[in-house]
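Student: With the sequence up front, the predicted model follows.
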Amino acid sequence: MMMQSLCETCRNVREVRTARSRFLLCELSVTNAAYPKYPPQPVARCDGYQNKDGSTQAKPDDPPGKRP
C-alpha cells in the first residue's frame, strides 16, 4: 500500500485527470521554480504545504494530513 501524499490535503494542488491518468499539479510552481509542476508522489515533506482547511505547515515528523 502506498503512503498518502501531502499533496492530497494541500490547498496548493490541482488535480488533472486524463482518460487514463491522474496527476497532482502544484500551483506554487507557477510563481516559484523551487516547486516542481508535477512532484513525484508520494510527497512526505514540503515547505509550501498548506492544509486545505487553512492550517499551516505540518511538522516534518507528522504523518501526512496531520494538522499541527
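Tutor: Arrived safely, thanks for sending.
Student: quick one: what helix or strand has V16 in it?
Tutor: Following DSSP states H and E, one finds V16 within strand 13-17.
Student: and the next element down the chain from that strand?
Tutor: The helix or strand immediately downstream of strand 13-17 is strand 22-26, counting by DSSP H and E.
Student: list the buried ones in that following strand?
Tutor: Buried residues in strand 22-26, defined by neighbour count with 16 or more other C-beta atoms under 10 Å: L24, L25, C26. (Glycine included, C-beta is placed from N, CA and C.)
Student: For the last one, list each beta-bridge partner.
Tutor: Legend: beta-bridge partners of C26 under DSSP bridges are V13.
Student: Any buried residues in the strand holding V16, and which?
Tutor: V13.
Student: Would you confirm that Y38 contacts L24?
Tutor: Yes: with contact defined as C-beta atoms under 8 Å, Y38 counts as touching L24 (6.9 Å).
Student: Could you check the pLDDT of L24?
Tutor: Looking at L24, its pLDDT reads 97.
Student: ditto for the one 3 residues further on
Tutor: In this model, E27 is scored at 98, pLDDT.
Student: Same question for D61.
Tutor: Listed pLDDT for D61 reads 50.
Student: repeat for G65
Tutor: pLDDT, G65: 44.
Student: same question, Q57
Tutor: pLDDT, Q57: 56.
Student: same check, this time on G54
Tutor: Reading off the confidence values, G54 has pLDDT 77.
Student: What separation do you get for it and A19?
Tutor: 34 Å (C-beta to C-beta, to the nearest Å).
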